[in-house]
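A.B. asks: this is a predicted model, with the sequence first.
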There are 2 protein chains.
Amino acid sequence: MTLNAALLQADKDLDVSLNRLFELLRIPSISTRPENAPDCRKAAEWLTATLTDTGFEASVRNTPGHPMVVAHIKGPADAPHVLFYGHYDVQPVDPLNLWHSDPFEPAIVTTPSGEKEITARGAADDKGQLMTFIEACRALKTTCGTLPLNVSILLEGEEESGGENLLPFLQANKDELKADVALICDTNMLSGGKPAITTMLRGMTGEEVTLTAAKRDLHSGMYGNAARNPIQVLCDILSDMRDGATGRVTLPDFYEGVPVIPEETRAQWCEIASETGDSLSPVGLSIPAGEAGYSALEQTWSRPSFEINGISGGYEGEGFKTVLPSKASAKVSFRLVGDQDPEKIRTAFRAHVLARLPADCTAEFISHGGSQASMVSPDMPFLPPALAALEAEWQKPAAITGCGGSIPVVTEIQQALGMTSLLIGFGLDDDRIHSPNEKYNLSSFHKGIRSWIRVLYALTGQAPA
Amino acid sequence: MTLNAALLQADKDLDVSLNRLFELLRIPSISTRPENAPDCRKAAEWLTATLTDTGFEASVRNTPGHPMVVAHIKGPADAPHVLFYGHYDVQPVDPLNLWHSDPFEPAIVTTPSGEKEITARGAADDKGQLMTFIEACRALKTTCGTLPLNVSILLEGEEESGGENLLPFLQANKDELKADVALICDTNMLSGGKPAITTMLRGMTGEEVTLTAAKRDLHSGMYGNAARNPIQVLCDILSDMRDGATGRVTLPDFYEGVPVIPEETRAQWCEIASETGDSLSPVGLSIPAGEAGYSALEQTWSRPSFEINGISGGYEGEGFKTVLPSKASAKVSFRLVGDQDPEKIRTAFRAHVLARLPADCTAEFISHGGSQASMVSPDMPFLPPALAALEAEWQKPAAITGCGGSIPVVTEIQQALGMTSLLIGFGLDDDRIHSPNEKYNLSSFHKGIRSWIRVLYALTGQAPA
């Protein structure tokens, strides 16, 4: 009955929980503005005090940038240990004139459709989301006197401004922060209020290539036809990167380590796509452009890609110049999934270019970094109970989703602590994060608290009572 | 015997001819510098006076820019009528510190190899060259009392600064300037002192294409694979423009109207190439990149080409951005030969692009103009006697050559007056035109005068005596 008691406590305390959130939202902790540095520290101190009040051993930890907050609370000795990550810093608020109310004076607004929304900068990203976890801990502590498992919390203040101090901090405090699983509350639900856990984040290989032919720019009348044109060579080489008929990347062994998505998951995604609508139509597109046989959602969540991110050569200004340039260059990237090796793929790309270089042409390469994809196996022990807990709260099946991009904290936690992250969040696509009039639905906050209570319980291995 | 008398007169008068050239070279008629506008007028007036003194009816003609000089002298009523074109304006002299002597104080310098060179801005381009013609007329007039044919002269003052007033002037004075053939002295001999007449100038079609896919730039993580990448589409389309194996342009009917170069001319060019050396090695290249089966010289003089002159899309700055851009664009040009129609080729290019546009992609085009190639038929009646006259003077066979670029005045004379031009010049590739220490070999000047005496005689149809 302890689970139900904690859920009831959360319901009963919602107004007090909201008051605490509002206090945090009133602190303008914009990490990128130097004049707000004291506010960032103030937010860290407020959180430390709040966590202490909740029963954690909490402290502000200085870094070369804004401080971290670290907190621990012990559960049963044999229970699992989770590390929760969130960030207390927020985006700037410009343009201020587009806000309907003061971004640092939170309010609850009822929309014409009857939805209640908490409006403020940081309401969703990430103060509202991180407070769902802290309030869940408080409800559990209040009702049971203790938490069902061991919980550590790490809150950073530089997520919106580069986050350069996170990785060194994780590395320096590895022993203290290492847990069985990381919980990250900085993602969205699916539309229609369907809960989701993001288990696939694509990795990346970034690369730049510059081709040189003649030793200086030439006149295209005097040399056109006879002199090698590096733009043409670049186009030929890049055109050869994808098979025109299948859309597949042509590098040898490129698809090595790409996992097959289980039919069950594909079916779930198919349903998601049909419920949420096409991801392409809002940007004026209609047809998935990549690999034949995969939906747009599958292409971005679970399939690797090759993209040209920039190309440059010759005369690019107004009008026309009959130049036959000496150089042409492109910035390209691969999005990686599964076990694809970012450096193997860089090597294969360079070999692809070099193998196609005609006479009189040389290539120079610049690496723009690489990171492996991160993927939570469907067999990972914490995943099924977490999905079940979310389903119990939202009364809808919880989905496993992917994310086309990478989320640096996931990679850094994996790298520094060797830990897998479960990305569970209650934001919605229309929360206007990073934009004027950011909001977080009151139901996201309330049911978010309840969700974490259920998830923390579920992760102990105890069946919900 | 009149030909020989005129040649002897030219030899005897060389010092006086040089003095006259020096007077012209001392006038800093830099057309692009507004402060030198009075000098441009002074050069026009000096030329008018000199031509009048030579026996021409000469006048300065105002235009919205620098003035033209027009002069006429009558020969026998049934003799042909030639129009000579030259330009009295010169390039700026910066950087002045690289000149070994005052660019507007001409001198004769003997090189270590014993060659005598006239040094000054404009010595070769084009004052020295145009004066070879005027001095030839003077020698003929002095010895014979009259010229062997009807001669008109047109000298402009804006060739180095856009030449916008030439075409309207030609059109407005069509009846006065129309002749049987135009003679243009603004080109070079082949190296080794081999005379040449340029009979082929390539035309051009200039075009710009911009492709648009999504309605805004996208994040390549979130959309990469699924969203159409316009840079990739552009590379695919441009790569398809040339056949990789043969180097031929793939547009349907592209080679329609491309003349076959007679074996005799090809053999001559082969000899030229072996004598002058590779045109590619000075710019760091070694292999002709265009159509298989043609030498570099053939590719630039007589074969049409497709070149990408500029390409642009996505992020082109330092470092890396994971953008999947909305737009990508390229500037391209075709060099045309023979009867290739610039507008038909533009239409074919646009059709090529549109036929390869995938779903979700649109194309916009900008025309950057077009001009037909100009080509003097080997059967053109004035060509064989002119070649023979040059061979007689230089004691080496005169070559027919091509030029990869277009020379606007040739096109404009064709367009406004319906006249063919013979391009005969005595410059050398090492004359440093447009650069510091411009020079014109004394032998170019002296034998240039003698060459024109022979050519004018030859064009009457009289065998040289």
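C.D. replies: That came through, no problem. Numbers count the residues shown, from 1 in each chain, chains lettered A, B, ... in the order given.

A.B. asks: where do the helices of chain A begin and end?
C.D. replies: Along chain A, counting by DSSP state H, helices occupy A:2-12, A:14-25, A:37-54, A:127-144, A:166-172, A:174-177, A:220-223, A:230-239, A:263-276, A:296-302, A:342-355, A:383-394, A:408-417, A:442-459.

A.B. asks: among those, which comes closest to chain B?
C.D. replies: Nearest of the helices of chain A to chain B, taken as C-beta to the nearest C-beta: helix A:220-223 at 2.5 Å. The C-beta positions use only the backbone N, C-alpha and C, and glycine is treated the same way.

A.B. asks: got TSV for the helices of chain A, with distance to residue A:193, mean neighbour count and mean pLDDT too?
C.D. replies: Shown next, in TSV, are these (distance: least, C-beta to C-beta, whole Å; neighbours: other C-beta atoms under 10 Å in any protein chain shown; pLDDT from 0 to 100):
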stretch	distance to residue A:193	mean neighbour count	mean pLDDT
helix A:2-12	18	18	95
helix A:14-25	18	17	98
helix A:37-54	28	19	98
helix A:127-144	15	24	97
helix A:166-172	31	18	97
helix A:174-177	33	14	97
helix A:220-223	60	24	86
helix A:230-239	43	25	98
helix A:263-276	11	14	86
helix A:296-302	18	24	92
helix A:342-355	36	17	97
helix A:383-394	6	20	96
helix A:408-417	24	20	92
helix A:442-459	8	24	97
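
A.B. asks: next, format those helices as a markdown table and append distance to residue B:339.
C.D. replies: Formatted as a markdown table, the helices of chain A follow (distance: least, C-beta to C-beta, whole Å):
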| stretch | distance to residue B:339 |
| --- | --- |
| helix A:2-12 | 85 |
| helix A:14-25 | 75 |
| helix A:37-54 | 73 |
| helix A:127-144 | 71 |
| helix A:166-172 | 67 |
| helix A:174-177 | 77 |
| helix A:220-223 | 19 |
| helix A:230-239 | 26 |
| helix A:263-276 | 56 |
| helix A:296-302 | 49 |
| helix A:342-355 | 40 |
| helix A:383-394 | 72 |
| helix A:408-417 | 62 |
| helix A:442-459 | 72 |
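
A.B. asks: using CSV, write out every CA atom in stretch A:129-141.
C.D. replies: Coordinates of each C-alpha in stretch A:129-141 appear next as CSV, following Å, rounded to 0.1, in the frame of the first residue of the first chain:
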residue,chain,number,x,y,z
GLN,A,129,10.8,18.2,-15.4
LEU,A,130,13.5,17.9,-12.7
MET,A,131,11.1,19.0,-10.0
THR,A,132,8.8,16.0,-10.9
PHE,A,133,11.6,13.8,-9.7
ILE,A,134,12.4,15.7,-6.5
GLU,A,135,8.7,15.9,-5.6
ALA,A,136,8.3,12.2,-6.2
CYS,A,137,11.1,11.5,-3.8
ARG,A,138,9.5,13.8,-1.3
ALA,A,139,6.1,12.1,-1.5
LEU,A,140,7.8,8.7,-1.0
LYS,A,141,9.9,9.9,1.9
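
A.B. asks: tell me how far it lies from the chain's centre.
C.D. replies: Stretch A:129-141 has its C-alpha centroid displaced from the chain centroid by 22 Å (C-alpha atoms, centre = their mean, to the nearest Å).

A.B. asks: mind exporting the C-alpha coordinates of stretch A:256-265 to PDB?
C.D. replies: Output of stretch A:256-265 as PDB, limited to C-alpha atoms (Å, rounded to 0.1, in the frame of the first residue of the first chain):
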ATOM      1  CA  GLU A 256      28.000  -3.500 -40.200                       C
ATOM      2  CA  GLY A 257      26.700  -3.300 -36.700                       C
ATOM      3  CA  VAL A 258      23.400  -1.700 -37.600                       C
ATOM      4  CA  PRO A 259      20.800  -3.500 -35.500                       C
ATOM      5  CA  VAL A 260      17.600  -4.900 -37.000                       C
ATOM      6  CA  ILE A 261      14.700  -3.300 -35.200                       C
ATOM      7  CA  PRO A 262      12.300  -5.900 -33.800                       C
ATOM      8  CA  GLU A 263       9.000  -6.300 -35.700                       C
ATOM      9  CA  GLU A 264       7.200  -5.400 -32.500                       C
ATOM     10  CA  THR A 265       9.000  -2.100 -32.200                       C
END
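
A.B. asks: and that stretch with chain B, contact?
C.D. replies: No. Against chain B, stretch A:256-265 shows no contacts by C-beta under 8 Å from any C-beta of the partner chain, the least distance being 12.2 Å.

A.B. asks: what about stretch A:94-112, average pLDDT?
C.D. replies: For stretch A:94-112, mean pLDDT is 94.

A.B. asks: ends of that stretch, how far apart?
C.D. replies: Taking C-alpha to C-alpha, to the nearest Å, the first and last residues of stretch A:94-112 lie 26 Å apart.

A.B. asks: what's it in contact with?
C.D. replies: A:18, A:21-22, A:25-28, A:93, A:116-121, A:123, A:436-439, A:442 (C-beta atoms under 8 Å, 6 or more residues apart in numbering or on different chains).

A.B. asks: of these, keep whichever come out buried.
C.D. replies: A:18, A:21-22, A:25-28, A:93, A:117-121, A:123, A:437-439, A:442 (16 or more other C-beta atoms under 10 Å in any protein chain shown).

A.B. asks: look up phi and psi at residue A:213.
C.D. replies: phi -110, psi -100 (degrees, to the nearest 10).

A.B. asks: residues contacting the nearest residue to it once chain neighbours are set aside?
C.D. replies: The shortest distance from residue A:213 to any non-neighbouring residue, by C-beta to C-beta, 6 or more residues apart in numbering or on different chains, is to residue A:228 (4.0 Å). Going by C-beta under 8 Å, 6+ apart, residue A:228 touches A:213-214, A:358-361, B:285, B:287, B:289.

A.B. asks: near chain B, which residues of the stretch 301-450 of chain A are found?
C.D. replies: Of all the residues in the stretch 301-450 of chain A, those lying near chain B are A:303-305, A:307-316, A:319-325, A:328, A:330-331, A:333, A:335, A:358-360, A:368-369, A:403-406, going by C-beta under 8 Å from any C-beta.

A.B. asks: if any of those are buried, put those into a PyMOL selection.
C.D. replies: To isolate the buried ones among these in PyMOL, judged by 16+ other C-beta under 10 Å, type:
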select buried, chain A and resi 303+304+305+307+308+309+310+311+312+313+314+315+316+320+321+322+323+324+325+328+330+331+333+335+358+360+368+403+404+405+406
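
A.B. asks: the residues of the stretch 301-450 of chain A next to chain B in strands, which ones?
C.D. replies: A:305, A:307-314, A:323-324, A:328, A:330-331, A:333, A:335, A:368-369, A:403 (DSSP state E).

A.B. asks: give me the residue from the stretch 301-450 of chain A nearest chain B.
C.D. replies: Counting by C-beta to the nearest C-beta, the stretch 301-450 of chain A gets nearest to chain B through residue A:405 (2.5 Å).
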